[in-house]
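**Q** make a model of this:
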Amino acid sequence: MQNNVYMTKIYILLGGNLGNKEKIFSEARINLNNLIGKITTQSAVYETEPWGFESADLFWNQVLEIATSLSPEEVLRETQKTELELGRIRKSDQYDSRIIDIDILFFGEATVELPNLIIPHPRIQERKFVLIPLNEVAPDLKHPVLQKTISQLLAECTDQLRVEKVK
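**A** Residues are numbered from 1 along each chain as shown. The predicted model follows:
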């Protein structure tokens, strides 16, 4: 049987600063690969300082490129299901320490504006912890709203927080 499903290339950011990060990230990648689509590329894992709040626990961040046939809303549902399965507790709308956070950065060239989902993620250009791993896997990807490549956005980013590859 021929599979004629149209696949969209999406970019997802994993983040977290609590628990066994290696195990949690591994389980998140397995879940996303099974629920959303094949992970075609992944960045290194980066250790980063918290953005927007104070915490002694450093974050891990990683960008995944995934080929999916799902809609943006279906991807959001599956990422939130994965966060819950891995123990994420949403405390508030404020930045906080967390076991896992899964953000949809880009969905092909689409722009999505729903009450619970904005794509491209609205703060990509402000955050080196997003831009550095994204630049590793897709430096020439063009932001559909800002009309700049990821490497251009990284060069212009004023974020001073530390972002280093996990050894």
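**Q** low-confidence regions, the chain specifically.
**A** Applying pLDDT under 70 to the chain picks out residues 1-4, 53, 88-97.
**Q** can you map out the strands along it?
**A** Assigned by DSSP state E, the strands in the chain fall at 8-16, 37-42, 46-48, 59-68, 101-107, 112-114, 117-119, 163-165.
**Q** got a markdown table for these, with mean neighbour count too?
**A** Every residue, glycine included, has its C-beta placed from N, CA and C. Converted to a markdown table, the strands of the chain look like this (neighbours: other Cβ atoms under 10 Å):
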| stretch | mean neighbour count |
| --- | --- |
| strand 8-16 | 23 |
| strand 37-42 | 15 |
| strand 46-48 | 21 |
| strand 59-68 | 22 |
| strand 101-107 | 22 |
| strand 112-114 | 11 |
| strand 117-119 | 17 |
| strand 163-165 | 14 |
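**Q** of all the ones you listed, which one comes closest to residue 77?
**A** Among the strands of the chain, the nearest to residue 77 by Cβ to Cβ is strand 117-119 (10.0 Å).
**Q** list the contacts of the closest one.
**A** With contact meaning Cβ atoms under 8 Å, 6 or more residues apart in numbering, strand 117-119 is reached by 72, 73, 76, 104, 105, 106, 107, 110, 111, 112.
**Q** just the CA trace of stretch 42-62, in CSV.
**A** What follows is stretch 42-62, C-alpha atoms only, in CSV (Å, rounded to 0.1, in the frame of the first residue of the first chain):
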residue,chain,number,x,y,z
GLN,A,42,18.5,16.5,16.6
SER,A,43,20.9,19.1,18.0
ALA,A,44,23.3,18.4,20.8
VAL,A,45,22.0,19.0,24.3
TYR,A,46,22.9,22.3,25.8
GLU,A,47,23.1,23.4,29.4
THR,A,48,21.6,26.8,29.9
GLU,A,49,20.9,29.4,32.5
PRO,A,50,17.3,30.0,33.4
TRP,A,51,15.6,32.7,31.3
GLY,A,52,13.2,35.1,33.0
PHE,A,53,13.6,33.8,36.5
GLU,A,54,16.2,32.7,39.1
SER,A,55,17.0,29.0,39.8
ALA,A,56,20.1,27.1,41.0
ASP,A,57,19.1,24.3,38.6
LEU,A,58,20.5,24.8,35.1
PHE,A,59,18.3,23.8,32.1
TRP,A,60,19.0,21.4,29.4
ASN,A,61,17.7,22.3,25.9
GLN,A,62,17.6,20.4,22.6
